[in-house]
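Visitor: Make a model of this:
(chains A and B)
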Amino acid sequence: MLSRVADRIFWMSRQMERAENMARILGVTSDLAVFGTREVQQQNLIAPLTITDTGEDFFARYGSLSLKNLIEFHALDAQNPSSIYSCLRLARESAHEVRWQITSEMWETLNATWIEMRGIRRERLDGAGATSFFDWVKERSHLFRGVTYGTIVRGEAFDFSRIGTFLERADNTARILDVKYHILLPSVADVGGALDYYQWTALLRSVSSFETYRTLYRDQILPIKVAELLILERRMPRSLAACLEQITIALGRIRGQQDAPAKRLASELNARLTHAHIEEIFQDGLHEYLEKCLEDFAALGVRIQRSYLGAA
Amino acid sequence: MERHHYDEMREPNGEVRPHFQPLADWLAETPAARVAEKRREADLLFHRVGITFAVYGDKQGDERLIPFDIVPRVIPKTEWEALERGLKQRVAALNRFLHDIYHDQEILKAGKISAEQVTMHDAYQPVMRGLDLPNGVYSHIAGIDLVRHEDGLWYVLEDNLRTPSGVSYMLENRKMMLRLFPELFARQPVQPVEQYPALLLETLRASAPPRLRRDPSVVVLTPGQHNSAYFEHAFLAQQMGVELVEGADLFVKDDYVYMRATTGAQRVDVIYRRIDDAFLDPQAFRPDSVLGVPGLVAAYRAGNVSLANAIGTGVADDKSIYPYVPEMIRFYLGEEPLLSNVQTWQCRDAEDLKYVLGHLDELVVKEVQGSGGYGMLVGPASTKAQIKAFRARLLANAGNYIAQPTLSLSTCPTFVKRGIAPRHVDLRPFVLSGKEVRLVPGGLTRVALKPGSLVVNSSQGGGTKDTWVVD
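Guide: Numbers count the residues shown, from 1 in each chain, chains lettered A, B, ... in the order given. Now for the predicted structure:
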């Protein structure tokens, strides 16, 4: 497969996953907007900017922090490269370029999503409209992933699509957990302390894991268990362990000339997540652990680009 | 003003010609509503598949459908066979001409064409001098535009030897007709065209560097998705099962061409390029080209990669060289031309120019390097003011124009708002030259959808039809 084609398929899937994650983050932010003290509300509102590392751009152009501005910036702003609008546009553009290498259903899904996105006006995103918009984005992403899984031939196109999806998802889960954990439990000493049940529930819901938590732990919601679920639980499809497992499997099927560095790093990360214990992670510091994970995911992305996708 | 013209379906007395009879019967017995419904179905299918083309300068949007007419054009097999012989002869002579002008220039020495007219031509590429090509083929894929005049005879209107397009419509139109009207094909044996991509691939493989000792690796090189014919590039690559590449996907190392693949660099032996000469290689031609591949021409000259079509074919297909094609056939093949040229006045010649200026209201005047129906005057269809304005342009640069009689293109029954009515058509068959010269029976029929209009170009509202060669 041409490197350029693989690159567009990788990014097409990554952008769609990014749009979905953005919708999840904004969804939980809206849900929590009215809870807690003013300080807690502010922390909650600033979280999406911290997670996506876009605070500087936001304050330069919007000035004040409000839910309305935040949604505008993250959902509709064409100037923000990681807004849902931009992600859907970029995913569609990448697909357009490789529409002969993907299935027509995949292309039509992304094309129709983009056409509908273009018609969405900000008035629609007030109040309850916002929630249904976020649900729509998630549904379109589910649809795209399902269509991909159900139609594309098992080969490099499929593998690069999977790698793009799971690398983006791993990155996002790590960021959400890092930022939210920090807000909810400012210091490790607080673990087991006062617990805002609603906030933890919202965090779990944002990664579609509330029911999973109940099923797997049959217990009240404990912060350390939440972290374990999101980091190490292989059965939870948005956990870091599950994502790295999928990346390792997909990379294993691809043959490249100089791809040892990418494959080695993916296997190392996968092994590290397989054999870790959540208690040890907390002893060394959750924040430090997640930061290291984010660094490694970025390095893996660079190595994949270098090995297969033609980046210098 | 509607002139006398040749009706392909009916004799002058109104009787249906025998080869059109099955179709005429079917049209007569099928309710108009059903035909209309089929037509809507065709539109829908074309939209869904996304068979579109981009129109330059169209602000409405980048992509548009070329209108597809569901009434096929029928050509009897005996007539086609005569055309086929003429086309093969013509393309063989054109390839011989291209080889000659880049080698010993016998035809120029013999005084058949002035040397200046060839070697000073914009499309003449000195970089091709002395370079021997596999099978001596320059234009591997040629699109020859034919029209049928009021006398019922076929004439060559234009040779397209650079990167002719339209073959994807020929193939998609047939697919659409088979899908919509399978019963029609049962009434009459229609010669297949579906083998075109296989023949094209064979032609390209046969054009690989001869010293290659393995299966040649073939690619289609496109300027990218914003090009008007991108759909066709992607379509042909997919149908042949080869990679569709852009300039940035290729690189040259030690005079060999490689593509950047996930598995590393892969050698490329034959490039079916759909990029104009000027943009192929910034080191050899336009330095600002971002579409091309630096070093490609050096690799080509070293004999390590084949280009289809070759560089510098344009010198043989513009309207200033066109009048000499019959002479080329006599000169290289020692045969009389089987296909006729349209009478042509060259405005750089004082005598011819005088005649043209005196008959502007009857003639079609074209730029020698124009295409797509732009920049031309159709005398009989123009107002006095338009003719006057054109006269000024012509006088300012007479050498840039040729003139021909206004041909009355033949008509075929066509589905229009009020039912079925005759509309003017032309025909572009695609001639493939590798080890031998071959073509599939048929081609792209373009139809002017406006009543009386002679302009069939898709960029100016023309449509297409399926073309049937029948026994």
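
Visitor: Would you confirm that B:Ile420 contacts B:Val71?
Guide: Yes: under the criterion of C-beta atoms under 8 Å, B:Ile420 makes contact with B:Val71 at 6.5 Å. Heads up, the C-betas are built off the backbone N, CA and C, glycines and all.

Visitor: Mind checking which of the two has more residues around it?
Guide: B:Val71 (22 against 15; other C-beta atoms under 10 Å in any protein chain shown).

Visitor: what's the distance between B:Cys412 and chain A?
Guide: Counting by C-beta to the nearest C-beta, to the nearest Å, the separation of B:Cys412 from chain A is 32 Å.

Visitor: tell me what whatever helix or strand that residue lives in is packed against?
Guide: Per DSSP states H and E, B:Cys412 falls inside strand B:411-416. The contact analysis (3 or more C-beta pairs under 8 Å, 6 or more residues apart in numbering or on different chains; DSSP states H and E) places strand B:411-416 against strand B:68-76, strand B:419-428, strand B:444-448, strand B:462-470.

Visitor: Any chance you could list what contacts the last one?
Guide: For strand B:462-470, contacts defined as C-beta atoms under 8 Å, 6 or more residues apart in numbering or on different chains pick out B:19, B:66-69, B:71-77, B:80, B:166, B:169-170, B:173-174, B:176-177, B:188-191, B:412, B:414, B:425, B:427, B:441-449, B:455-456, B:458.

Visitor: what angle do it and strand B:419-428 make?
Guide: Angle, strand B:462-470 to strand B:419-428, by axes from the mean of the first three to the mean of the last three C-alpha atoms, to 10 degrees: 80 degrees.

Visitor: ok and the residue in chain B nearest chain A?
Guide: In chain B, the residue that lies nearest chain A is B:Gly264 (3.3 Å; C-beta to the nearest C-beta).

Visitor: three-state assignment of the residue most central in space within chain B?
Guide: What sits nearest the mean C-alpha location of chain B, by C-alpha atoms, centre = their mean, is B:Gly143, with 3.2 Å. Per DSSP: H, G, I helix; E, B strand; the rest coil, the local secondary structure of B:Gly143 is strand.

Visitor: residues shared between the contacts of B:Ile420 and B:Val71?
Guide: Joint contacts of B:Ile420 and B:Val71 (C-beta under 8 Å, 6+ apart) are B:Leu27, B:Pro413, B:Thr414.

Visitor: Give the ChimeraX command for selecting the buried subset of the residues you listed.
Guide: Only the buried entries of the shared contacts of B:Ile420 and B:Val71 go into this ChimeraX selection, using 16 or more other C-beta atoms under 10 Å in any protein chain shown:
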select /B:27,413,414
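
Visitor: which parts of the stretch 151-300 of chain A sit against chain B?
Guide: Applying C-beta under 8 Å from any C-beta of the partner chain, we find that the stretch 151-300 of chain A lies next to chain B at A:Glu156, A:Phe160, A:Ile254, A:Arg255, A:Gly256, A:Gln257, A:Gln258.

Visitor: And the closest residue to the residue of chain B closest to chain A other than its chain neighbours, what's its pLDDT?
Guide: What sits nearest to B:Gly264 in space, not counting adjacent residues and going by C-beta to C-beta, 6 or more residues apart in numbering or on different chains, is A:Gln257, at 3.3 Å. For A:Gln257, the model assigns a pLDDT of 76.

Visitor: B:Gly61 too?
Guide: B:Gly61 is assigned a predicted lDDT (pLDDT) of 40.

Visitor: Okay, now the unreliable bits of the stretch 1-150 of chain A?
Guide: Across the stretch 1-150 of chain A, nothing is flagged by pLDDT under 70.

Visitor: Spell out which residues make up each domain of the chain.
Guide: In the absence of a named chain, this looks at chain A. Per automatic domain parsing, the structural domains of chain A span A:1-152, A:154-312.

Visitor: Sorry, I should have been clearer: chain B.
Guide: Residue ranges for the domains of chain B, per automatic domain parsing: B:18-187+B:316-338+B:425-470, B:210-304, B:343-405.

Visitor: for A:Thr215, helix, strand, or coil?
Guide: Using three-state DSSP, the secondary structure recorded for A:Thr215 is helix.

Visitor: in chain A, what residue is nearest chain B?
Guide: Scanning chain A for proximity to chain B using C-beta to the nearest C-beta identifies A:Gln257 as nearest, at 3.3 Å.

Visitor: Now do the phi/psi pair for that residue.
Guide: phi -80, psi -40 (degrees, to the nearest 10).

Visitor: Also B:Gly312?
Guide: When read as degrees, to the nearest 10, the backbone of B:Gly312 gives phi 80, psi 20.

Visitor: Wait, it touches B:Tyr102, no?
Guide: Yes: counting by C-beta under 8 Å, B:Gly312 does reach B:Tyr102; the two are 6.8 Å apart.

Visitor: and chain B, which of its residues are near chain A?
Guide: Within reach of chain A by C-beta under 8 Å from any C-beta, chain B has these residues: B:49-50, B:225, B:234-235, B:237-238, B:243-246, B:248-249, B:259-264.

Visitor: Okay, and which of the residues you listed map to strands?
Guide: B:Glu243, B:Leu244, B:Val245, B:Met259, B:Arg260, B:Ala261, B:Gly264 (DSSP state E).

Visitor: Are any of the residues you listed buried, and if so which?
Guide: Buried members of these, counted by 16+ other C-beta under 10 Å: B:Glu243, B:Leu244, B:Val245, B:Met259, B:Arg260, B:Ala261.

Visitor: ok, the fourth one - contacts?
Guide: Right, B:Met259. Neighbouring residues of B:Met259 by C-beta under 8 Å, 6+ apart: A:Leu2, B:Val219, B:Glu243, B:Val245, B:Asp249, B:Leu250, B:Ala265, B:Gln266, B:Val268.

Visitor: again, but for the second one
Guide: Contacts for B:Leu244 were tallied using C-beta under 8 Å, 6+ apart; they are A:Trp100, B:Val219, B:Val220, B:Thr222, B:His233, B:Ala234, B:Ala237, B:Gln238.

Visitor: Any chance of CSV for these, columns distance to B:Pro323?
Guide: Formatted as CSV, those follow (distance: C-beta to C-beta, whole Å):
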residue, distance to B:Pro323
A:Trp100, 41
B:Val219, 37
B:Val220, 33
B:Thr222, 33
B:His233, 32
B:Ala234, 37
B:Ala237, 36
B:Gln238, 39
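
Visitor: Filter these down to the ones in helices?
Guide: Among the contacts of B:Leu244, the residues falling in helices (DSSP state H) are B:His233, B:Ala234, B:Ala237, B:Gln238.

Visitor: just to revisit the earlier point, could you dump the residues of the stretch 151-300 of chain A next to chain B into JSON lines with neighbour count and distance to B:Ile321 added?
Guide: JSON lines is the format used below for those (neighbours: other C-beta atoms under 10 Å in any protein chain shown; distance: C-beta to C-beta, whole Å):
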{"residue": "A:Glu156", "neighbour count": "23", "distance to B:Ile321": "47"}
{"residue": "A:Phe160", "neighbour count": "28", "distance to B:Ile321": "49"}
{"residue": "A:Ile254", "neighbour count": "21", "distance to B:Ile321": "51"}
{"residue": "A:Arg255", "neighbour count": "11", "distance to B:Ile321": "51"}
{"residue": "A:Gly256", "neighbour count": "20", "distance to B:Ile321": "49"}
{"residue": "A:Gln257", "neighbour count": "12", "distance to B:Ile321": "48"}
{"residue": "A:Gln258", "neighbour count": "11", "distance to B:Ile321": "51"}
